[in-house]
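A.B. asks: Have a look at this prediction, sequence included:
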Amino acid sequence: MSGFPVALLMVAIEIAALLPMATFPALLPQFVTVWGLTNTEAGMINGVFYIGYMLAVPFLMAWTDRIDARRILIAGLGLSALGNLGFAAFADGTVSAMAWRVVAGVGLAGVYMPGLRVMTDRLGQIDQSRAVTFYTANYSVGIGLSYLLAGLAEAAWGWRWAAAIAGLGPLVAVAPAVLSLRPHAPPPLSGPRRLLDFRPVFANPVILAFVLAYGAHGFELTAMRGWVTAFLETCLALLGQSATYLTPTIVAALVTVIGLPASLLGNELALRIGRRRALTGMMIVSGVFGLGLGLLAGLPYGVVVAATLVYAVLVACDSGALTAGVVAASTPENRGAVLAVYSTVGFGTSFLGPFAVGVTLDAAGGAMAPGAWGFAYAVMALGVLAGPLALWWLAGRRAA
């Protein structure tokens, strides 16, 4: 299988593997109550998934320059299923939940970026920029479906069954990965090189600029998605209301799914006006909008939901353009190393985002305290505003 069919297959595998990913953030208010968590502890459990990812991805992606990424993908799917099903069966508090979330994060490290490498190795003459953007944009679809599945399954059967059902997603994806993807030898190295040789990243200011900007994007994105249900639950509690249709988990699903068209449109804009210019503008607008969003707590729920959806578009629109840019700036023989550093930085800050919001909420007096969410969203916004600085500092004299 090659070309467009492999792109569709890899998107399907990606979405299946992501089904368990939002179980904890989608049900975060319930976990806080059931396990008696502080906001800081909830932020740690939320974000530690990305620590597992960050620790594993440099090694796994570096190996894709030497062995077929398909082998890493299959192993990652199996480990992801183990971590998520283990969480469903055995998690009962902060320590056990963090341990299983780390295992699941390591599993996803073997799926997401290695899956991108599987796809790009088999694309042939397909426009890589659009194919890569399509793959990365569907990350939002997978997370959106994860939020939706978690909310519906928890309401019907409780959180353990919700986590178990979602955890079957990566396990089911093993079969098409084994049966439908042909082996593919990686390109030969031009000379001897150590496994963890990341000099191609640090020697290229354009690649490094995309890496640092992706870190800023990851901080904001995971902080927003990790706490959106808790924010909306707080808004309803302040009003003394409950939502019948647009429940917090439904809105969270919309928040993530809307990232697909936003990311695609953001990359199209980057192709037309220049990648660095487009990314700089998108990140600045997102950061400025985020500075005000948390101050809306206490206003009518419909207003808050509408603003949250607008913010979701702004947060997601730079994702595909960043990844397509770093892929285009790399070469086939060093792409694994480049994507390793790219993912390590992006998912490392993805831990810091949810954790920083939890610490901020506790420092501000708790989620129900006046102004607490204003401070929380300001932390998200200030994180993403580091992205334009990196793009300007490192790539200002070179066309992106």
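C.D. replies: Ah, there it is.

A.B. asks: could you pull out the helices for the stretch 201-350 of the chain?
C.D. replies: Under the criterion DSSP state H, counting those that start in this stretch, the stretch 201-350 of the chain contains helices at 205-239, 248-257, 259-273, 275-293, 301-316, 319-329, 335-363.

A.B. asks: what's the neighbour count on the closest residue to L254 other than its chain neighbours?
C.D. replies: The shortest distance from L254 to any non-neighbouring residue, by Cβ to Cβ, 6 or more residues apart in numbering, is to L309 (6.3 Å). Quick note: C-beta positions are derived from backbone N, CA and C, even for glycine. L309 has 13 neighbours, counted by other Cβ atoms under 10 Å.

A.B. asks: measure L309 to A137 for me?
C.D. replies: 17 Å (Cβ to Cβ, to the nearest Å).

A.B. asks: now what about stretch 377-386, what contacts it?
C.D. replies: 212, 215-217, 219-220, 223-224, 283-284, 286-295, 315, 349, 352-353, 356-357, 360 (Cβ atoms under 8 Å, 6 or more residues apart in numbering).

A.B. asks: out of those, which are buried?
C.D. replies: Burial by neighbour count, judged by 16 or more other Cβ atoms under 10 Å, picks out 212, 215-217, 219-220, 223-224, 283, 286-287, 289-291, 293-294, 315, 349, 352-353, 356-357, 360 from these.

A.B. asks: where are the low-confidence patches of this protein?
C.D. replies: Applying pLDDT under 70 to the chain flags the ranges 1-3, 124-129, 187-196, 395-400.

A.B. asks: 80 instead?
C.D. replies: For the chain, applying pLDDT under 80 flags the ranges 1-4, 123-130, 133, 185-201, 244, 332-336, 394-400.

A.B. asks: ok, and the closest non-adjacent residue to A312?
C.D. replies: Once flanking residues are discounted, A312 sits nearest to V255: 4.1 Å by Cβ to Cβ, 6+ apart.

A.B. asks: so the one you found touches L309, yeah?
C.D. replies: Yes: with contacts counted by Cβ atoms under 8 Å, V255 reaches L309, the gap being 6.5 Å.

A.B. asks: picking up where we left off before, residue contacts, the residue nearest to L254?
C.D. replies: Applying Cβ under 8 Å, 6+ apart, the residues near L309 are V251, L254, V255, I258.

A.B. asks: What distance do you get for the closest residue to the last one other than its chain neighbours to A237?
C.D. replies: It refers to I258. Among residues not flanking I258 along the chain, A312 sits closest, at 5.1 Å (Cβ to Cβ, 6+ apart). Distance of A312 to A237, given as Cβ to Cβ: 22 Å.
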